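Visitor: Here's a sequence, model it:
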Amino acid sequence: MLGRGKTGAGRRERAAATGVVPPFEDHGIKIGVRIRHARMTRGLRLREVAARAECSESLLSKIENDKVLPSLNALHRISEALGITIGELFAKPNEPAGVVSRSGERPVVTMDPLRQGSGLQMERLIAYDPGHLLQGSIHVVAPGGGSDGMITHEGEEVGYVIEGRLELTVGGQSYMLGTDDSFCFRSELPHGYRNPGPGRARVIFINTPPSF
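Guide: Have a look, this model is predicted:
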């Protein structure tokens, strides 16, 4: 966790500037190790994946060694460069895959655990399985949190705001949504979102084919 005082503040400022945060430990998954394993099993060099993901070799190396955590946007690009989904990186071996998933028992992926109250969590509605055509999750977005830039991938997605407010940007146009509002768009369009506050937002996202 971040220390207090100037050191912690400095690390937070550097994280905001670079789009990455120090490694997190609360979910027990080494994302960097999984990224490196996926790259090596595909016979890809560091510079090849970095070029495809539009990031530097040094940054990718730090990510693979769990020295920094990529933003959601960067994670999408790296996953696409490796030909996998983000869900494969976060999948847990004992993740339930039944017909019903109970409240409080669904797997939760924390994208920014070092800034609780200003980050992003994703609660899986559909357990990761390579055979699924659909992917669904509840995005819990704290005030100021969001997708950290625009994302593009193949497919289509639909969403529904359960709670709070969400600023959604699709294809260069922004929309302000509130509770009970919904949306649908082609995922090839650059898209992103943020919670303008003041409270948290909870949004259902369903997309196909799976990309997270």
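Visitor: any idea how far the residue nearest the centre of the chain is from Ala50?
Guide: By C-alpha atoms, centre = their mean, the chain has its centre lying nearest to Leu72, at 3.8 Å. The gap separating Leu72 from Ala50 is 18 Å, by C-beta to C-beta, to the nearest Å. (C-beta placed from N, C-alpha, C; glycine too.)
Visitor: Tell me, please, where in this structure the pLDDT is lower than the cut-off.
Guide: 1-29, 91-97, 110-118, 128-131, 211-212 (pLDDT under 70).
Visitor: domain ranges for this protein?
Guide: Per automatic domain parsing, the domain ranges recorded for the chain read 5-84, 108-208.
Visitor: Around Ser103, how many other residues sit close by?
Guide: Neighbour count of Ser103, defined by other C-beta atoms under 10 Å: 6.
Visitor: tell me which element it is part of?
Guide: Under DSSP states H and E, no helix or strand contains Ser103.
Visitor: please begin residue numbering at 29 from this point
Guide: Fine by me, first position is 29 from now on; the one you just mentioned is Ser131.
Visitor: So Arg105 belongs to a helix, correct?
Guide: Yes: Arg105: assigned to a helix according to DSSP: H, G, I helix; E, B strand; the rest coil.
Visitor: Run a quick check on it versus Val77, I expect a contact.
Guide: No: shown here, Arg105 and Val77 do not form a contact pair, counting by C-beta atoms under 8 Å, at 9.7 Å.
Visitor: just the strands in this protein please.
Guide: For the chain, the strands defined by DSSP state E cover 136-138, 148-152, 163-169, 184-191, 194-198, 201-205, 210-214, 219-222, 229-236.
Visitor: so can I have a markdown table of these showing distance to Lys58 and mean neighbour count?
Guide: Output for these, formatted as a markdown table (distance: least, C-beta to C-beta, whole Å; neighbours: other C-beta atoms under 10 Å):
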| stretch | distance to Lys58 | mean neighbour count |
| --- | --- | --- |
| strand 136-138 | 14 | 17 |
| strand 148-152 | 18 | 21 |
| strand 163-169 | 21 | 22 |
| strand 184-191 | 28 | 17 |
| strand 194-198 | 31 | 19 |
| strand 201-205 | 35 | 12 |
| strand 210-214 | 33 | 14 |
| strand 219-222 | 27 | 21 |
| strand 229-236 | 25 | 20 |
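Visitor: JSON lines please, covering these and showing distance to Glu116.
Guide: Below are the strands of the chain laid out as JSON lines (distance: least, C-beta to C-beta, whole Å):
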{"stretch": "strand 136-138", "distance to Glu116": "12"}
{"stretch": "strand 148-152", "distance to Glu116": "13"}
{"stretch": "strand 163-169", "distance to Glu116": "12"}
{"stretch": "strand 184-191", "distance to Glu116": "19"}
{"stretch": "strand 194-198", "distance to Glu116": "26"}
{"stretch": "strand 201-205", "distance to Glu116": "30"}
{"stretch": "strand 210-214", "distance to Glu116": "23"}
{"stretch": "strand 219-222", "distance to Glu116": "21"}
{"stretch": "strand 229-236", "distance to Glu116": "15"}
